[in-house]
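K.L.:
Dropping the sequence and predicted coords here.
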Amino acid sequence: MSYLRKAKKSKKLIVGAVAIVAIIVVLFAVPMVPVEEIETYEREATYQGVSSNLSEEQNSEKGIYHTFEVTIKNTDKQGGRFMVNFHLLSGGSHIGGSPRQASAHIAPGATATLKADFEYTHGAPGLEYINSEYFISPPWIPEQRIVTRNRTLIETLIRGT
């Protein structure tokens, strides 16, 4: 009787070992097939900050104010909406209220000047040194590219590609 038990036990061990080997063979020996797919992604449009100018002006409506202008050239092959954040600072604080924003659609190869006005009280303390900063946010352009991925033959047959 003990011989039969040992034979059944070794049969189970052999079947188990064969199953493990079969799983390993399937995992590592299944052929991989290169498949081309179209992938969509986004990138920032390319541009050039051409110039910036800060001028002090005065008129009867606004009084004394600063006009901050930034000129952008779209060097990308596609157009889009560019945004500029303008900051006018004196002593680390914003003057003329909060930062300003301006945006414009700029065609490929075109140039646009965006501007913001900052009003302030003339002679206000701390306005001797005015710093200006601007930040350009280009549009995101959707693009497509062909990528090659390796898939198992089974996955390729299931997906149908």
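P.N.:
Good, I have the coordinates.

K.L.:
which SSE is residue 20 in?
P.N.:
Applying DSSP states H and E as the criterion places residue 20 in helix 2-29.

K.L.:
After that helix, heading C-terminal, what element do we hit next?
P.N.:
In N-to-C order, the element after helix 2-29 by DSSP H and E is strand 32-44.

K.L.:
so after that next one, what's the next helix or strand?
P.N.:
Under the assignment DSSP H and E, the closest C-terminal helix or strand after strand 32-44 is strand 47-59.

K.L.:
and that following strand, which residues are buried?
P.N.:
For strand 47-59, the neighbour count (16 or more other Cβ atoms under 10 Å) marks 47, 52, 54 as buried. C-beta coordinates here come from the backbone N, C-alpha and C atoms, glycine included.

K.L.:
Contacts only, for the first one.
P.N.:
This points to residue 47. 72, 73, 74, 75, 76, 82, 106, 136, 138 (Cβ atoms under 8 Å, 6 or more residues apart in numbering).

K.L.:
So what does the fourth one have for phi and psi?
P.N.:
Comment: the main-chain dihedrals of residue 75 come out as phi -100, psi 10, following degrees, to the nearest 10.
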